[in-house]
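Q: would you be able to build a 3D model of this:
(2 chains)
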Amino acid sequence: MSTRSGTGGHAISKPLFRLGVSPTLRLLAVILLGLALMALDHRVNELQFVRGALATVTYPLQVAVDAPVRAVSRVFESFTSREDLITENRILRSENAELRARQLRFEALQLENDRLRALLNTAEQAEERVEIAKLLAVDLDPFRQQIVLNKGRNDDVYAGQPVINADGVIGQVLSTRLTSSIALLISDPSHALPVLSARTGLRGLVVGTGNPQRLEMRHVPLQEDVEPGDLLLTSGLGGRFPADYPVARVTSVERPQGQPFLSIEAEPLAALDRSREVLLLWTDGAVSAIAPLNLDNDLEAAPPNALESEPAEGTP
Amino acid sequence: MTRAIGIPWPVALTLLAALALAIVPVPDILRPARPEWLALILIYWAMAFPSRIGILTAFVAGLLLDTLQGQLLGQNAIALAVVIYIVLQIHPRLRVYPVWQQMMVVAILMALFKLLALWPQGITGFPPGSLWYWAPVLTSALVWPLIFSLLRDLRRRWLLHLT
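A: Numbers count the residues shown, from 1 in each chain, chains lettered A, B, ... in the order given. Purely as a prediction, here's the structure:
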């Protein structure tokens, strides 16, 4: 060791801290500062400017970590054989044709829907805007279910924005920076999402378990009709997600003895831990237009407390 | 003796590398066992340059780690500051310990670090709820000899003139 301990026995007779403030005092100061930060961050979620300043250092790091991973996958891509590409192209072509055919009908249905709504005097469904965002290949806290997206405030991303992919709901944006954002997956234990069963119209709350393959549906009374295989859609009631996006499929239903609620497990339709691209959804007013419609069609079936007691979706 | 302040650039680079290592993607099975690189490297530098690398450095580095990993702001920062405070108190002894004994001290420090980082998670309602949470205590202690010899070589090559 070349440092002070090399200079002999008096090394430990400390001129160690010459800056005036003792380390103990300094420790107390940073602990207080840290506690204040934690309280602010947790309670009001209003530390965007602090996070923004820190992100000027952390975002380049994330990009630097992401780049080699992406480069490797690009190299593999460029080595795909011509046959594979032709096959893939053929599949995509037929899929595209099929989707476009369906889109034709969809537009007709949309028009019809608008007309019927006009007859019923209900608000119109708002237009939705969709944009693709890529996931940065970085690992976050292994015990939380979060992802980093490559779009941020510059692309109009906002906190609370729904994130989906082609199969179903993925999660919602948690915090934004200028060019990136962090999204919370629906499988995070802190995430709750109001859903309804496509088969029965039964409403409930889908809560994450920390396992990307498993969700739980909570607060469904014992007598309700839920079966494995039931499709769960967003109900639009929480005010963040538009209605009728597929979320999960029920995998098991148990009636535990002596419990007031069913224990329901579901599997997310979107591959939460495998997708590399997601869609960001912009909606205005869609939710308020849809909520009243759902309210009156299953009043008896609705669990009385599922609606009232639900927390705001995702309480980071 | 001149006032020893400022972080030498090789130290800053190793800290950045530690932050990058904290988010490098690894297979899912290994994720919970990822060593606490930042804490390890801070421990080494605090031990080697106690008058330069101290509580403030640890706190700021911890804030960066919080931002990187999407955790509550301040969670790692406080835990790292406390750990480095202890290292500052015991550094004359820690320096002369044989490596296996340093590993044990590192394990204890890491356990403290994980415990301190656990409290805010418990209070905010989302504790990890798995024993895997404690895996880094072991893995960090195991990689300590590697960190120690790497950083010692780096210090001997570039930073011999510093105290």
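Q: now the helices for chain B?
A: Shown for chain B, the helices assigned by DSSP state H span residues B:9-23, B:37-48, B:55-69, B:75-96, B:99-123, B:135-158.
Q: I'd like those helices laid out as a markdown table, including distance to A:Leu27, mean pLDDT and mean neighbour count.
A: Bear in mind the C-beta positions are built from the backbone N, C-alpha and C, glycine included. Below are those laid out as a markdown table (distance: least, C-beta to C-beta, whole Å; pLDDT from 0 to 100; neighbours: other C-beta atoms under 10 Å in any protein chain shown):
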| stretch | distance to A:Leu27 | mean pLDDT | mean neighbour count |
| --- | --- | --- | --- |
| helix B:9-23 | 19 | 90 | 19 |
| helix B:37-48 | 13 | 94 | 25 |
| helix B:55-69 | 5 | 91 | 25 |
| helix B:75-96 | 5 | 93 | 22 |
| helix B:99-123 | 12 | 92 | 17 |
| helix B:135-158 | 22 | 92 | 17 |
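Q: let's have those helices in TSV, adding distance to chain A.
A: Supplementary listing: the helices of chain B in TSV, determined by distance: least, C-beta to the nearest C-beta, whole Å:
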stretch	distance to chain A
helix B:9-23	4
helix B:37-48	6
helix B:55-69	4
helix B:75-96	4
helix B:99-123	6
helix B:135-158	7
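Q: which one, of these, ends up nearest to A:Ser78?
A: Using C-beta to C-beta as the criterion, the shortest distance between A:Ser78 and the helices of chain B is 26.0 Å, found for helix B:9-23.
Q: how far away is the residue most central in space within chain B from A:Thr251?
A: When C-alpha atoms, centre = their mean is applied to chain B, the residue found nearest the centroid is B:Ala39 (0.8 Å). Relative to A:Thr251, B:Ala39 is positioned 40 Å away (C-beta to C-beta, to the nearest Å).
Q: tell me how far the lengthiest helix in chain A is from the chain's mean position?
A: When chain A is parsed with DSSP H, its longest helix is helix A:82-120. Helix A:82-120 has its average C-alpha position 26 Å from the chain's average C-alpha position, going by C-alpha atoms, centre = their mean, to the nearest Å.
Q: quick check: what element follows it along the chain?
A: Proceeding N to C from helix A:82-120, the next assigned helix or strand is strand A:128-134, under DSSP states H and E.
Q: residue closest to the middle of chain A?
A: In chain A, the C-alpha closest to the average C-alpha coordinate belongs to A:Gly171, at a distance of 1.9 Å (C-alpha atoms, centre = their mean).
Q: ok so that one is a strand residue?
A: Yes. According to DSSP: H, G, I helix; E, B strand; the rest coil, A:Gly171 belongs to a strand.
Q: ok, now which ones touch the closest residue to B:Ile23 other than its chain neighbours?
A: Once its chain neighbours are removed from consideration, B:Ile23 has its nearest residue in A:Val138; the separation is 4.1 Å (C-beta to C-beta, 6 or more residues apart in numbering or on different chains). A:Val138 makes contact with A:Gln62, A:Val65, A:Asp66, A:Val148, B:Ile23, B:Val24, B:Pro25, B:Leu68, according to C-beta atoms under 8 Å, 6 or more residues apart in numbering or on different chains.
Q: I'd like those laid out as TSV, including distance to B:Ala117.
A: Converted to TSV, the contacts of A:Val138 look like this (distance: C-beta to C-beta, whole Å):
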residue	distance to B:Ala117
A:Gln62	21
A:Val65	22
A:Asp66	25
A:Val148	20
B:Ile23	16
B:Val24	20
B:Pro25	21
B:Leu68	14
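Q: A:Arg129 against A:Pro162, yeah?
A: No. With contacts defined as C-beta atoms under 8 Å, A:Arg129 does not count as touching A:Pro162, sitting 11.5 Å away.
Q: more neighbours, these two?
A: Set side by side, A:Arg129 and A:Pro162 show unequal neighbour counts under other C-beta atoms under 10 Å in any protein chain shown, the larger going to A:Pro162 at 23 against 11.
Q: what does the stretch 201-316 of chain A have sitting close to chain B?
A: Within reach of chain B by C-beta under 8 Å from any C-beta of the partner chain, the stretch 201-316 of chain A has these residues: A:Gly210, A:Asp273.
Q: and the residue nearest to the centre of chain B, how far is that from B:Thr139?
A: In this view, B:Ala39 and B:Thr139 are 12 Å apart by C-beta to C-beta.
Q: for B:Leu88, same thing?
A: Computed as C-beta to C-beta, the B:Leu88 to B:Thr139 distance reads 24 Å.
Q: again, but for A:Leu281
A: A:Leu281 sits 40 Å away from B:Thr139, taking C-beta to C-beta as the criterion.
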